[in-house]
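Trainee: Fold the stuff below for me.
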Amino acid sequence: MDKSSKHRMEWKTTQNLPKSPLFAEDSSDNSDDDDLWLPCQLERRNKSNFQQNEVVGEQLKKEGILLAEKGYFKEALTKWNGSICHIPKDFTLHEMQAQALMMLDKDMASVKAAERSVALNKIWHDGWHTLARAQLNIQDPTMALKSFSRALHLCPSEGDIKDELLSTLILIKKMLKPRVLDAEGNPEDLDLEHSFSQMSANTVCEGQTHHPESDDY
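Mentor: Numbers count the residues shown, from 1 in each chain. Alright, predicted model coming up:
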């Protein structure tokens with residue numbers, strides 16, 4: 001089965017995370033829990049006595065999904081770290097890590113996890129969608145717009161991507177409006193519909209001249 005068709009953790013907006021019996025503290029901003037997700041955990045794969053086992057990796061992945069669905073994001077990350085050690089090229093794992101890290105307010109770490117996902121599979125729209133959301137969280141709407149555009153190009157029928165892309169355009173418009181002046185020095189109103197159409201056309205042209213797998217994210 002194609003990994004992209006497997007279970008994808010549902011996007012959540014819960015602010016108050018449930019406390020887990022495995023963790024006494026629930027502070028998302030505490031850097032002491034960085035060892036739960038940092039890529040340096042992968043160093044264990046280099047140990048001479050470590051052997052990759054795809055079955056173990058898939059089991060840890062499933063256990064992590066169950067924990068994440070219950071809101072135990074830190075424990076899910078621990079399971080997925082172990083899973084990545086066995087199946088490091090599973091792009092869905094890195095994307096789910098990005099989602100969990102967003103729920104824990106680890107925004108920069110979330111961007112890095114999403115970037116690993118799209119680096120492993122540049123033509124999976126979910127990976128670009130999650131990367132765009134993560135980039136918005138670090139207040140980088142310009143890069144988010146590019147990621148939303150790539151996601152929409154790969155899956156034009158996805159309404160959520162289109163809606164969030166348009167919201168990002170509105171955000172950028174608000175940011176730029178005080179600095180956009182017409183020939184007489186007066187504020188110039190940006191045409192969002194024209195911008196959206198132009199951006200979509202440019203994205204299609206890129207897709208016709210460059211295969212997504214060869215593009216850098």
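Trainee: Packing partners of the helix or strand where K146 lies?
Mentor: Assessed by DSSP states H and E, K146 sits inside helix 141-154. Other elements packing on helix 141-154 under the criterion 3 or more Cβ pairs under 8 Å, 6 or more residues apart in numbering; DSSP states H and E are helix 125-137, helix 159-176, helix 192-209. Just so you know, the C-beta spots here come from the backbone N, C-alpha and C atoms, and that holds for glycine as well.
Trainee: Check which residues of it are buried.
Mentor: The neighbour-count check on helix 141-154 (16 or more other Cβ atoms under 10 Å) flags 141, 143-154 as buried.
Trainee: Dump that helix to CSV, restricted to CA.
Mentor: Only the C-alpha atoms of helix 141-154 are listed here, as CSV (Å, rounded to 0.1, in the frame of the first residue of the first chain):
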residue,chain,number,x,y,z
PRO,A,141,3.7,33.9,5.3
THR,A,142,5.8,34.3,2.1
MET,A,143,7.3,30.8,2.4
ALA,A,144,3.9,29.5,3.6
LEU,A,145,2.3,30.9,0.4
LYS,A,146,4.8,29.0,-1.7
SER,A,147,4.2,25.8,0.1
PHE,A,148,0.4,26.2,-0.1
SER,A,149,0.8,26.9,-3.8
ARG,A,150,2.8,23.7,-4.3
ALA,A,151,0.2,21.7,-2.3
LEU,A,152,-2.7,23.1,-4.4
HIS,A,153,-0.8,22.4,-7.6
LEU,A,154,-0.4,18.8,-6.5
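Trainee: okay, the angle between it and helix 159-176?
Mentor: For helix 141-154 against helix 159-176, the angle by axes from the mean of the first three to the mean of the last three Cα atoms, to 10 degrees is 150 degrees.
Trainee: any idea of the mean pLDDT for helix 141-154?
Mentor: Average pLDDT, helix 141-154: 95.
Trainee: do stretch 90-109 as well
Mentor: Per-residue pLDDT over stretch 90-109 has a mean of 93.
Trainee: Would you mark the buried spots in it?
Mentor: Residues of stretch 90-109 classed as buried: 90-104, 106-107, 109 (neighbour count, 16+ other Cβ under 10 Å).
Trainee: Repeat that for stretch 115-124.
Mentor: For stretch 115-124, a neighbour-count test (16+ other Cβ under 10 Å) marks 115-118, 120-122, 124 as buried.
Trainee: likewise stretch 133-141?
Mentor: For stretch 133-141, the neighbour count (16+ other Cβ under 10 Å) marks 133-137, 141 as buried.
Trainee: which other residues reach that stretch?
Mentor: The contact list for stretch 133-141 (Cβ atoms under 8 Å, 6 or more residues apart in numbering) reads 11, 98, 102, 107-108, 110-111, 113-114, 143-144, 147, 164, 168, 171-172, 175.
Trainee: redo that, cut-off 10 Å
Mentor: 11, 98-99, 101-102, 105-115, 132, 142-148, 151, 164, 167-172, 174-175 (Cβ atoms under 10 Å, 6 or more residues apart in numbering).
Trainee: Can you measure across it, start residue to end residue?
Mentor: 9 Å (Cα to Cα, to the nearest Å).
Trainee: helix or strand for the residue nearest to E75 when sequence neighbours are not counted, which one?
Mentor: Nearest residue to E75, sequence neighbours excluded (Cβ to Cβ, 6 or more residues apart in numbering): L67, at 4.7 Å. Assigned by DSSP H and E, L67 falls within helix 54-69.
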